[in-house]
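> need coordinates for the below:
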Amino acid sequence: MTKRTQLALATALVAALALGASGCSDPKKGSTGAGASNPAAANDGKVLGGAPVKGGTLTVLSNQDFAHLDPARNWVMPTMDFGTRLLYRTLVTFKAEPGKAGSELVPDLATDLGTPSNGGKTWTFTLKEGVKYEDGSPIKAQDIKYNVERSFAPDLTGGPDYAAQYLVGGEGYKGPLQGQHLDSVKTPDDRTIVFELKRPVAEFSATATLPTFAPVPQSQEKGTQYDARPFSSGPYKIESYDRDKKLVLVRNEHWDPKTDTVRKAYPDKFVVVMGLKGGQIDDRIIAGEGADASAVQYADMRPESAPKVLPKPDVKARLLAESQGCTEMLQLNNSRAPFNDPKVREALQYAVDKEAIVTAGGGPALNEVATAYLPPALSGGKQADTLKIAPAGDPAKAKELLKAAGKETLKVSLAVSTGDKGKAEAIQQGLSRAGIEVVIDTVDPGAYYDVIGDLSTTPDMTLTGWCPDYPSGSTWIPFVFDGRTIKDKGNQGNYSQFRDEATIKRIDEINAMADAKQANQAWIDLDAEIMKKSPAIPILLERKPLLVGPNIAGAYGHPVWTGTIDYGTVGLKDPSKSQG
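Next up is the predicted model:
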C-alpha cells in the first residue's frame, strides 16, 4: 500500500478507538459507560450552560499548583489541557467538541496535519502566516525546534518522551542549553519544520499535539524557571503567578483568532486559586454564590461529596463526569525486594480488594474495577480479564503465594496524592487480610509526580494512573512497561521500574508493524502477557467528576484530556456577574 493509505488506516484506527472511549462493559456490573442507569452519566457528551458570552473573569478553584507549565515538562493530563488551550499552541491539536468529535485532529500552528515522506520516517509541517507571541514577534519554526530540543535537557524533567523515542540522533543528546542542536529537526526557513524519525510513525500528526511541539524562543530561555513564566503563543498570557497560591491570566492581545479555529477565548481573565481543600471546593461550587458562581473546579470532586450532588437535580445538572479513558494502577517497585520477586507481585494481584477501593473512590457511579492495563478505549471498548480474580480479591490465594515465596509477612510503603488517602486506606485494609502491613505516606498533589519520579525517593508502592496521549496502544504500553524509559529523575510512566527483555523485544516488534489493526491487537495480547508478570496491579477505571458554577457556560469534558473541562471554549453566561 502507499504511505498515504497507511496513514489513512492509522487515522481510521484512531477514530475507531476514540469511539470506544465512551463505550462500556455490562451495565449490570456497575459500568460507568454512557447509557447505563447511572446518575453520574447524565451529562455525558453534553455542553453545560449554553453558549458563553465574551468577557468577565472565570475562576478555577484548585487544591494544587500545576506540576509544570513549561511546555517541555508538561505531561500531566489536566495541565496539558490548561497549557495548550490557554498559554501556548502546538503544531496540531484536537477539535474543541465533546464526545467522539473531540478526538479529531485539526491543524493549530501548522497549516495542515503534516506531510509524511521517506516511508513515514520524515514529517514536514508548515506554519501559518501571522502567528505571534505575546510581544507581537512572529512565531518561527526554529522556536518549535528549540522546544523539542529542550525536552532532552536533564534538568527539564517530567515531559513527554516522544521526541527522545522517535527522533534520529536522540541517544545521549542533552538538550540545547550547552549549544548543541539536533540535526534530525530541520528548519529550512522560518515557516517550515522537518522531523527525521528512526522508524515510520503513521500517528506522528497526533504526537504533534503534545506540548513538546509548542514554540519557545531561545531568547526567553530561563531553564527550570521557565515553569513560572512561559512566553505566550496562545490567547492568554501570565499577569501574575504566586506559586501554590494564585495564577492570573489576561488576554494576549497579539493572539489572532483568524489563525485559530479551536480556541474561543471567551473570558477576559482566568484566575486560578490554589491550595484549597477538595471538600471546600465542592461545597463552594455547590453553593455557587458570588465569585464561585463563575467558577469551575480543577481537581476531581471528592467522593464524599457525591451524596450532595447526585440526588439533587439542580446540582447534578452542573456536574461533568466523563470517563477518563485511563487505568489507575497500584505500581509495585520491581527494582528491589520484596517486589523484585514475581511470586510476591502475583500475590498482590490476589490480595487487593478492588471493591473496597471502588467504594472509597465514590462508588460505582464514579468508578469500576479494572482487570487489565490497557483502558477500554484501546481494547475494543472492553478490558480483558486475563487473571480472572474476583473484584474483592482472594486473600487465601495471596497467602499461599507469599508462603511459596518465603514472605509470609511483609511491611511495605505506599505513597499517594493527598486526595487519594481514602483509596490508600482501602488498599491497606485489603492487603492486611494477606498479612501485608502497609505504611501510607501522603504527598502534596502538586509535588506528587516529582517525588515518585525520583528513584532516590520513590517508595515500595505508588498509586498512579496512565492515560493515552491519543488513542493508540503505542502511547500506553511503551511508556508504562518499557525498561528503557526509566530515568533517575523525572521518571514518568514506568513507576514500577519494570525491566523485562521479552517485553522490550515485543514492544519494538509491534512498533515496527505497518498494519495499524495488527499492531492494535498485538498491544492487547502483550497486555495479557505483562499481566502474568504483575509489575503493577490494575485497580480502577474512573470518571472525572467536575462541578461548575451556575454562571458557567460552554463547559464539557474533553475526551482526550481525560474528561477535563476544555479551557479553550468555556466561558460565562453573564460576565457582569463575575468577580475578580
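
> so residue 292 touches residue 61, yeah?
Yes. The pair residue 292 / residue 61 is scored as a contact, 7.5 Å apart, by C-beta atoms under 8 Å. Placement of C-beta: from N, CA and C, glycine included.

> neighbour-wise, which of these two wins?
Relative neighbour count places residue 61 above the other of residue 292 and residue 61, with 24 against 21, counting by other C-beta atoms under 10 Å.

> any shared contact partners between residue 292 and residue 61?
Shared contacts of residue 292 and residue 61 (C-beta atoms under 8 Å, 6 or more residues apart in numbering): 284, 285.

> please enumerate the helices of the stretch 251-400 of the chain.
With DSSP state H, counting those that start in this stretch as the definition, the stretch 251-400 of the chain shows helices at residue ranges 278-287, 306-309, 313-316, 342-351, 354-360, 395-404.

> which one of these lies closest to residue 118?
Closest to residue 118 of the helices of the stretch 251-400 of the chain, according to C-beta to C-beta: helix 342-351, at 42.0 Å.

> could you check the angle helix 395-404 makes with that closest one?
Going by axes from the mean of the first three to the mean of the last three C-alpha atoms, to 10 degrees, helix 342-351 is angled at 170 degrees with respect to helix 395-404.

> hmm, who's touching helix 342-351?
Among residues not part of helix 342-351, those counted as contacts by C-beta under 8 Å, 6+ apart are 330, 332, 334, 338-339, 387, 389, 393-395, 397-399, 401-402, 404-405, 407, 410, 430-431, 433-434, 436, 533-535, 537.

> quick check on those: which are buried?
For those, a neighbour count by 16 or more other C-beta atoms under 10 Å gives the buried set as 330, 332, 334, 338-339, 387, 389, 393-395, 397-399, 401-402, 405, 407, 410, 430-431, 433-434, 436, 533-535, 537.

> let me see the contact set for residue 216.
71, 72, 143, 146, 147, 150, 226, 230, 231.

> before we move on, back to that, among the helices of the stretch 251-400 of the chain, which is nearest residue 528?
Scanning the helices of the stretch 251-400 of the chain with C-beta to C-beta as the criterion, the closest one proves to be helix 342-351, at 13.4 Å.

> chain center to that closest one, what's the gap?
Offset of helix 342-351 from its chain centre (C-alpha atoms, centre = their mean, to the nearest Å): 27 Å.

> dump the C-alpha coordinates for it into PDB.
Written as PDB, here are the backbone C-alpha positions of helix 342-351 (Å, rounded to 0.1, in the frame of the first residue of the first chain):
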ATOM      1  CA  PRO A 342       7.400 -12.200  40.600                       C
ATOM      2  CA  LYS A 343       5.600 -14.500  43.100                       C
ATOM      3  CA  VAL A 344       5.300 -11.700  45.600                       C
ATOM      4  CA  ARG A 345       3.900  -9.400  42.900                       C
ATOM      5  CA  GLU A 346       1.400 -12.100  41.800                       C
ATOM      6  CA  ALA A 347       0.300 -12.400  45.400                       C
ATOM      7  CA  LEU A 348      -0.500  -8.700  45.500                       C
ATOM      8  CA  GLN A 349      -2.900  -9.200  42.500                       C
ATOM      9  CA  TYR A 350      -4.900 -11.600  44.700                       C
ATOM     10  CA  ALA A 351      -4.600  -9.600  47.900                       C
END
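
> can you tell me the SS state at residue 116?
Here residue 116 is recorded as strand under DSSP: H, G, I helix; E, B strand; the rest coil.

> now it: how far from residue 208?
Shown here: residue 116 relative to residue 208, a distance of 12 Å by C-beta to C-beta, to the nearest Å.

> residue 252 and residue 231 touch, don't they?
No. Under the criterion of C-beta under 8 Å, residue 252 makes no contact with residue 231, lying 10.1 Å away.

> burial count for residue 525?
Taking other C-beta under 10 Å as the neighbour definition, residue 525 ends up with a count of 12.

> and what of residue 133?
Counted by other C-beta under 10 Å, the residues lying close to residue 133 total 23.

> and it, how far is that from residue 181?
21 Å.

> give me phi/psi at residue 127?
Comment: the main-chain dihedrals of residue 127 come out as phi -80, psi 150, following degrees, to the nearest 10.

> for residue 74, give me its contacts.
67, 68, 80, 83, 84, 158, 159, 211.

> leaving out the residues flanking it, which one is nearest to it?
With sequence-adjacent residues excluded and distances taken as C-beta to C-beta, 6 or more residues apart in numbering, residue 74 is closest to residue 211, at 4.3 Å.

> residue 77 is in contact with the one you found, correct?
No. The pair residue 211 and residue 77 fails to qualify as a contact (C-beta under 8 Å) at a distance of 11.4 Å.

> more neighbours: the two, which one.
Comparing residue 211 with residue 77 by other C-beta under 10 Å, the one with more neighbours is residue 211, at 27 against 23.

> contacting residues for the more buried one?
With contact taken as C-beta under 8 Å, 6+ apart, residue 211 is in contact with 71, 72, 74, 75, 80, 83, 84, 88, 90, 159, 160.

> next one: it from residue 72, what distance?
Between residue 211 and residue 72 the distance is 7 Å, computed by C-beta to C-beta.

> okay, and the common contacts of those two?
Residues touching both residue 211 and residue 72 (C-beta under 8 Å, 6+ apart): residue 159.

> ok, now how distant is the residue nearest to residue 74 from residue 270?
Using C-beta to C-beta, one gets 18 Å for the distance from residue 211 to residue 270.

> quick check, pLDDT for the residue most central in space within the chain.
In the chain, the residue lying closest to the centroid (C-alpha atoms, centre = their mean) is residue 77, at 2.9 Å. At residue 77, the model reports a pLDDT of 91.
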